[in-house]
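Participant: Sequence isn't available, so here's the structure alone:
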């Protein structure tokens, strides 16, 4: 038995993207059997000069992406001058190459690179200084996505709030609430057009999301429903919103908390508009949110820098343009805090309890404020049947307007159609 100290360098050609990784130096016991390599075993030498076609190196797994080469460093242990750590290249057999001709190369990161808008997020060029690496992406996007926004200190936390229009707008105030794992950036176009129609618009990033503060769980904020409600109440006071306003809500978890807040505060509302959101106990939970709730796997999932953009695209018939995808991934690229905030929010959420309260609270026996359901028909998370079921529970109050061609986030997919639906409903 020999102890070999290998430094393994793997180069994978992933559809034009190069991803290089070096393993840490480890000591591995390798057993050498007699046979074609008997001479090598007898001499106690495991260097490449003594190996043949049936060498133990042939037992190493090959990588099916081209170029399929491994560089293995052997310590100098045999006769003859040799530099320490000299490398030998082990190429795949021609038989394997012929068998794989015409087949697409195996791509373990296909779930990322198959998405055109996400490719730049992991592209590592041959020269790390070139555009495409993480540092360059942060530099390229650090000033993006803050349209109409500013930081506002409210209570113990710093919120990032977008605002369009003025307090004396003739038609009143609209508060736009986003869902997880996205941010208020999704409402930018709708806000501008609703301001042109005479409204004063606000769209905050929830605590832990977008560009708002992301407190560490257990240090003043635990990402529970009641804490989001309390923080939102404080924000309304900071923004001096004292008159009843229009509430527009969309999305999972924190989006749902916008609706449970509404159930507690009907006197503060004029009307409610709901874009694709879970509304009944039959509403399915997306797979990525289920993954976040799993031990260990959730910690891994939450640190995926392209999680938000992939979530948006998975629920939509469209692919985000690169400049939009940059904004949604920026918080997750900047630090690990947004991912852990999302992780806590997902794990603290009691979906069945929240959805039961929403379903019962907006039923015909307990709710009289008009509600608009502006529903993207092509939502891959929440089918139209969810909205139809919700409307049937209170048909006199709830109006359903379908948005053809829009997915889970109609305000991102078809903002013009959302504006049209809101403008014809709000009064």
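Facilitator: Sure, I can see it. This structure is a prediction, so every number in the text was calculated from the model and none was measured.

Participant: Can you tell me how far the residue nearest to residue 423 when sequence neighbours are not counted is from residue 146?
Facilitator: Excluding the flanking residues, the one nearest residue 423 by CB to CB, 6 or more residues apart in numbering is residue 197, at 5.5 Å. Bear in mind the C-beta positions are built from the backbone N, C-alpha and C, glycine included. Taking CB to CB, to the nearest Å as the measure, residue 197 falls 24 Å from residue 146.

Participant: Going by residue numbers, what spans are helices in the stretch 101-250 of the chain?
Facilitator: 110-113, 119-122, 134-141, 188-196, 225-238 (DSSP state H, counting those that start in this stretch).

Participant: Residue ranges in the stretch 101-250 of the chain under the pLDDT threshold?
Facilitator: 101-143 (pLDDT under 70).

Participant: now do 50
Facilitator: For the stretch 101-250 of the chain, the stretches with pLDDT under 50 are 101-131, 139.

Participant: can you give me the strands for this structure?
Facilitator: 2-4, 9-14, 17-22, 28-30, 69-73, 87-91, 149-154, 157-164, 173-177, 200-205, 245-249, 269-275, 371-376, 398-403 (DSSP state E).

Participant: burial measure for the residue nearest to residue 423, as a count.
Facilitator: 16 (other CB atoms under 10 Å).

Participant: Could you do residue 234 as well?
Facilitator: A count of neighbours around residue 234, defined by other CB under 10 Å, yields 15.

Participant: repeat for the one 3 residues further on
Facilitator: If you count neighbours by other CB under 10 Å, residue 237 ends up with 11.

Participant: repeat for residue 361
Facilitator: Neighbours around residue 361, by other CB under 10 Å: 16.

Participant: Settle this for me: it is touching residue 265, isn't it.
Facilitator: No: the pair residue 361 / residue 265 is not scored as a contact, 11.7 Å apart, by CB atoms under 8 Å.

Participant: mind listing the helices for the stretch 251-400 of the chain?
Facilitator: 254-264, 287-292, 297-301, 307-314, 322-334, 337-348, 351-361, 384-392.

Participant: export these to TSV and tack on mean pLDDT and distance to residue 378?
Facilitator: What follows is the helices of the stretch 251-400 of the chain, written out as TSV (pLDDT from 0 to 100; distance: least, CB to CB, whole Å):
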stretch	mean pLDDT	distance to residue 378
helix 254-264	98	18
helix 287-292	96	18
helix 297-301	94	25
helix 307-314	94	12
helix 322-334	91	18
helix 337-348	96	24
helix 351-361	97	22
helix 384-392	97	9
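
Participant: Take the ones you listed and write them to a markdown table, including distance to residue 236.
Facilitator: Shown next, in a markdown table, are these (distance: least, CB to CB, whole Å):
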| stretch | distance to residue 236 |
| --- | --- |
| helix 254-264 | 10 |
| helix 287-292 | 27 |
| helix 297-301 | 32 |
| helix 307-314 | 26 |
| helix 322-334 | 24 |
| helix 337-348 | 20 |
| helix 351-361 | 20 |
| helix 384-392 | 26 |
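
Participant: Go through the ones you listed and name the closest to residue 228.
Facilitator: helix 254-264 (4.7 Å; CB to CB).

Participant: list the contacts for residue 148?
Facilitator: Listed by CB atoms under 8 Å, 6 or more residues apart in numbering, the contact set of residue 148 reads 162, 163, 164, 188, 191, 192.

Participant: show me what contacts residue 223?
Facilitator: 207, 208, 217, 341, 344, 345, 348 are the contacts of residue 223 under CB under 8 Å, 6+ apart.

Participant: distance of it from residue 424?
Facilitator: 36 Å.

Participant: Check residue 199 too.
Facilitator: 14 Å.

Participant: of these two, who's got more company?
Facilitator: Taking other CB under 10 Å, residue 199 and residue 424 do not tie; residue 199 has more neighbours (22 against 11).

Participant: wouldn't that one be in contact with residue 165 here?
Facilitator: Yes: with contact defined as CB under 8 Å, residue 199 counts as touching residue 165 (6.0 Å).

Participant: Can you work out which residues contact both of those two?
Facilitator: By CB under 8 Å, 6+ apart, no residue touches both residue 199 and residue 165.

Participant: mind checking pLDDT for the closest residue to residue 405 other than its chain neighbours?
Facilitator: Ranked by CB to CB, 6+ apart and with sequence neighbours excluded, the top spatial neighbour of residue 405 is residue 414, at 6.0 Å. With respect to pLDDT, residue 414 has a value of 96.

Participant: Next: residue 410.
Facilitator: Residue 410 is assigned a predicted lDDT (pLDDT) of 98.

Participant: What is the neighbour count of it?
Facilitator: 28.

Participant: what's the spacing between it and residue 248?
Facilitator: 11 Å.

Participant: Same check on residue 260?
Facilitator: In this view, residue 260 and residue 248 are 16 Å apart by CB to CB.

Participant: neighbour-wise, which of the two wins?
Facilitator: residue 248 (28 against 19).

Participant: Report the beta-bridge partners for that one.
Facilitator: Residue 248 has these beta-bridge partners by DSSP bridges: residue 176, residue 273.

Participant: Settle this for me: it is touching residue 175, isn't it.
Facilitator: Yes: with contact defined as CB under 8 Å, residue 248 counts as touching residue 175 (7.0 Å).

Participant: between the contacts of residue 223, which is nearest residue 234?
Facilitator: Nearest to residue 234 among those, counting by CB to CB, is residue 207 at 10.4 Å.

Participant: mind listing what that closest one touches?
Facilitator: 157, 159, 213, 214, 215, 221, 223, 228, 231, 341 are the contacts of residue 207 under CB under 8 Å, 6+ apart.

Participant: burial count for the fourth one?
Facilitator: Other residues lying near residue 214 total 25 when counted by other CB under 10 Å.

Participant: Ignoring the adjacent residues along the chain, who's closest to it?
Facilitator: Residue 214 sits nearest to residue 337 (CB to CB, 6+ apart), 3.9 Å away.

Participant: what's the distance between the one you found and residue 221?
Facilitator: 12 Å.

Participant: Those two: which has the busier surroundings?
Facilitator: residue 221 (21 against 15).

Participant: The closest residue to the more buried one other than its chain neighbours: neighbouring residues, count only.
Facilitator: The shortest distance from residue 221 to any non-neighbouring residue, by CB to CB, 6+ apart, is to residue 215 (4.2 Å). Neighbour count of residue 215, defined by other CB under 10 Å: 20.

Participant: Run through the residues that contact residue 215.
Facilitator: Residue 215 touches 157, 207, 208, 221, 341, counting by CB under 8 Å, 6+ apart.

Participant: Ok, residue 165 next?
Facilitator: Contacts of residue 165 (CB under 8 Å, 6+ apart): 195, 199, 200, 201.
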